[in-house]
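Enquirer: Any chance you could fold what I've pasted below:
(2 chains)
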Amino acid sequence: MKWTQTLIPTLREAPSDAEIVSHKLLLRAGLIRKLAGGVYTFLPLGLRALRKVENIIREEMDRAGAVEVLMPALQPKEIWEQSGRAETAKDVLCKVKDRANREWFLSPTAEEVITTLAAGEINSYRQLPKNFYQISTKFRDEIRPRFGLMRAKEFIMKDAYSFDTTDENAMVSYHKMYDAYKRIFARCGLQAFPVEADTGVIGGNYSHEFMVPAETGENDVVYCEACGYAANIEKATSGIPKTAAREIGAAVEKFATPGVVTIEALSKEPYKVPANRQIKTLVFIADSKPIIILIRGDDQLNETKLIAKTGAVAARPATPEEIFALLGAKPGSLGAVTSTLNFERGLSATKNTDTYIEFDANITLEGIRIYADERLRGANDMTTGANEDGFHLRNVSIERDIKVTAWFDLRTVSAGEPCAKCVKPLKIRRAIEVGHVFKLGTKYSEALNATFLDVDGSRKPPVMGCYGIGVTRTLQAVIEQGNDKDGVIWPLSVAPYQVCITPLAVTPESEAMKLAEKFYAELTAQGVDVILDDRDERPGVKFKDADLVGFPIRIALGEKSLLKGEVEIKPRSGALQFVKIDEAVAAVLKLVQA
RNA sequence: CGGAGCGUAGCUCAGCCUGGUAGAGCACUUGCUUUGGGAGCAAGACGUCGCAGGUUCGAAUCCUGUCGCUCCGACCA
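Expert: This next block holds a predicted model:
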């Protein structure tokens, strides 16, 4: 390809709406352009890099035994209602209506479609296992698109779906994908590592995310350098000790705490109740019912765990009005000690809010569920709110004085806590999620009536798994990880062109141009992706652009070195080498094949 | 959806407070000079000042509404 033939609109300055380095470079290097928030056009160079990532994924998926299909982006609402996700995923679905006013969803993933396909076409254990994948445009009505391709409304994803006869076989399929993912990201030049993950509304019970460490990532990963434990913070646990039990103390005692509404204030003079001897009481609305959550004063609630452990579809913190209606006190003075709960209080006393999870207005505290964090189990001599503004209770024994419905691990792990497996201190770092593998079980096959006849003549739902890679996000992660002050540093495997030939004179009769054409032809014949910068620009402009776009290898043809019978070969992040003209092609091939 | 900010040339931004002929740098076109790390000089082209309404003799500037974008939060397969 000749530079003047394609479109590479490089920018000296980044548009002001780009925040992170990879987003700026995508724009500055002329890879993408924004059409609207979270919606981008891929320019020729960006598309080439994207196709390379896609092809790596294709090769590895094929190698792992998956077969490629292409499913529609336009999906009828009905199958989403059948799976239940029309409701659980409603906030992210892009919806469209046709002229007959029929509602369609633009595909954010394709569990429903592939399972419908399997229901029709897979009838026997002899057809299993199967793993179908596709690489296609997906849509998600993101609340807040940001960071360019990182979190977009429209993006390209590889999604794969496996079908197996048994749970054990499903694990085999899962691990094939897990291994394929490791190879895919390694081939893209990414340092990606798997972490244990929550499954979210997609369902299932076993899951790993593939993470690329980056300060600009939107996930926190907890990991142990000693034993290799790694988990998304939404899922992570630690070996932190439970609250120390003390001598069974005196009866609960109310004391005045005027104006004290925070854990911190209560820990100071004149009360001096350390945060780790306080019980924090939170009220959430989960699936239209209020629940009370108890967590130690120095711990933070993990909402993902709350939803996962309680089996709720969705949950949100209760508003101060709702809390007052239920407990008779404002946040800061709340508690769950049985004697302070008035079970006749209810939400009907408050106005409904406009938040997206509504509550059942007739509900009262009668039968309210109280979930406590495991770390509080057995704790006594604790202090908590008295459900009366300006008062707290001391000498609280959680098992004696509070009717806990269930105990769960609900707290968020902090850095430095001991690893649950090996006791070494845990670390936390930010990361970008580029892939996610789930074992789904039979949730979708059952909901959409997919069954096969097993060897013993029984009819069963196949055990499914699903496996996603954010292709466009992966591309951006490659840039986020590979760049310097001059621009992108592409790995050879993903670079839009592997080699950029830069003649400093471009008239057809010039020695530099003739030689450039010759190198171009020879390298192209060897299967190397080459671009020839035939622009009539000053050398500085051409070098700056080559560095900005980040071609892994640059060959400069200038008068100075040509007179000495040499050309210059410059790896993007390596030392300049002078090579005899006759040896240049071989030298470049060696670098490309390295 | 809550909080904050911004919409002026292709890009970065000034002008707005205090109303009076729409600006700079980069990019673009032409010419001359220059030619190994984003050249110089000269000439030129490029604007419904996001949109709608209002106030005013007069609005980029003040007011109201609206749309879009960005950031923080909430949310997130």
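
Enquirer: contacts, neighbours, all on C-alpha from now
Expert: Noted.

Enquirer: What confidence value was assigned to A:T355?
Expert: At A:T355, the model reports a pLDDT of 47.

Enquirer: Can you read off the backbone torsions of A:P317?
Expert: Torsion angles at A:P317 (phi, psi; degrees, to the nearest 10) stand at phi -60, psi 140.

Enquirer: Name the nearest residue to it, ignoring sequence neighbours.
Expert: A:F284 (4.3 Å; C-alpha to C-alpha, 6 or more residues apart in numbering).

Enquirer: partner residues bridging the one you found?
Expert: A:I291, A:P317 (DSSP bridges).

Enquirer: so it touches A:I291, yeah?
Expert: Yes. In this structure, A:F284 is within contact of A:I291 by C-alpha atoms under 8 Å, at 5.4 Å.

Enquirer: Distance check, A:F391 against A:K242.
Expert: In this view, A:F391 and A:K242 are 27 Å apart by C-alpha to C-alpha, to the nearest Å.

Enquirer: which ones are touching the residue nearest to A:P317?
Expert: Contact analysis of A:F284 by C-alpha atoms under 8 Å, 6 or more residues apart in numbering lists A:P290, A:I291, A:I292, A:I293, A:A315, A:R316, A:P317, A:A318.

Enquirer: Which residues does stretch A:168-175 contact?
Expert: For stretch A:168-175, the surrounding residues in contact (C-alpha under 8 Å, 6+ apart) are A:P129, A:S162, A:F163, A:D164, A:V437, A:F438, A:K439, A:V463, A:M464, A:G465.

Enquirer: again with stretch A:586-594
Expert: Counting by C-alpha under 8 Å, 6+ apart, residues outside stretch A:586-594 touching it are A:L492, A:Q498, A:L523, A:V528, A:I553, A:I569, A:V579.

Enquirer: Buried ones in it, by neighbour count?
Expert: A:V588, A:L591, A:V592 (16 or more other C-alpha atoms under 10 Å).

Enquirer: do the same with stretch A:372-392
Expert: Neighbour-count burial for stretch A:372-392 [16+ other C-alpha under 10 Å]: A:372-377, A:379-392.

Enquirer: Those in strands, which ones?
Expert: A:A372, A:D373, A:M382, A:T383, A:T384, A:G385, A:F391, A:H392 (DSSP state E).

Enquirer: which SSE is the closest residue in space to the first one that isn't next to it in sequence in?
Expert: Closest residue to A:A372 in three dimensions, ignoring its sequence neighbours and counting by C-alpha to C-alpha, 6+ apart: A:L294, at 4.5 Å. Take DSSP states H and E as the rule and A:L294 turns out to sit in strand A:289-296.

Enquirer: Give me the most central residue, chain A.
Expert: Nearest to the mean C-alpha position of chain A, by C-alpha atoms, centre = their mean, lies A:E433 at 3.5 Å.

Enquirer: now it, nearest residue through space, not along the chain?
Expert: A:M211 (4.6 Å).

Enquirer: so the one you found touches A:G435, yeah?
Expert: Yes. With contact defined as C-alpha under 8 Å, A:M211 counts as touching A:G435 (7.2 Å).

Enquirer: domains of chain A?
Expert: Residue ranges for the domains of chain A, per automatic domain parsing: A:21-190+A:440-480, A:253-408, A:497-593.

Enquirer: Worst mean pLDDT among those domains?
Expert: If these are sorted by mean pLDDT, domain A:253-408 sits at the bottom with a mean of 85.

Enquirer: What segments of the stretch 51-200 of chain A are helices?
Expert: Using DSSP state H, counting those that start in this stretch, the helices of the stretch 51-200 of chain A run over A:77-83, A:85-88, A:111-121, A:167-187.

Enquirer: now the third one, how far from the centre of its chain.
Expert: Looking back up the chat, that one is helix A:111-121. Here helix A:111-121 is found 26 Å from its chain centre; the criterion is C-alpha atoms, centre = their mean, to the nearest Å.

Enquirer: which secondary structure elements does that helix contact?
Expert: Judged by 3 or more C-alpha pairs under 8 Å, 6 or more residues apart in numbering; DSSP states H and E, helix A:111-121 is in contact with helix A:77-83, helix A:443-447.

Enquirer: Give the buried residues for that helix.
Expert: Buried-residue list, helix A:111-121, by 16+ other C-alpha under 10 Å: A:E111, A:E112, A:V113, A:I114, A:T115, A:T116, A:A118, A:A119.

Enquirer: and if you look at the second one?
Expert: Within helix A:85-88, the residues that qualify as buried by neighbour count (16+ other C-alpha under 10 Å) are A:R85, A:A86, A:T88.

Enquirer: got it, and stretch A:89-102?
Expert: Buried-residue list, stretch A:89-102, by 16+ other C-alpha under 10 Å: A:L93, A:C94, A:K95.

Enquirer: cool, and stretch A:416-424?
Expert: Buried-residue list, stretch A:416-424, by 16+ other C-alpha under 10 Å: A:E417, A:P418, A:C419, A:A420, A:K424.

Enquirer: of these, closest to RNA strand B?
Expert: Ranked by distance to RNA strand B (C-alpha to the nearest atom of the strand), the buried residues of stretch A:416-424 are led by A:E417 at 22.0 Å.

Enquirer: Now do the contacts for that closest one.
Expert: Shown in contact with A:E417 (C-alpha under 8 Å, 6+ apart): A:S238, A:G239, A:I240, A:P425, A:L426.

Enquirer: thinking the first one is in contact with A:R411, fair?
Expert: No. In this structure, A:S238 sits apart from A:R411 without contact. The criterion is C-alpha under 8 Å, and the distance is 9.8 Å.

Enquirer: between those two, who's got more neighbours?
Expert: Neighbours were counted for A:S238 and for A:R411 using other C-alpha atoms under 10 Å; A:R411 has more, 27 against 21.

Enquirer: roughly how far apart are that one and RNA strand B?
Expert: Using C-alpha to the nearest atom of the strand, to the nearest Å, A:R411 is found at 15 Å from RNA strand B.

Enquirer: now swap in A:M150 and tell me
Expert: Distance, A:M150 to RNA strand B, using C-alpha to the nearest atom of the strand: 10 Å.

Enquirer: so that residue makes contact with A:L475?
Expert: No. Using C-alpha under 8 Å as the test, A:M150 is too far from A:L475 to be in contact (9.2 Å).

Enquirer: what about the longest strand in chain A?
Expert: Using DSSP E to define each element, chain A has its longest strand at strand A:427-441.

Enquirer: tell me the phi and psi of A:W3?
Expert: phi -60, psi -40.
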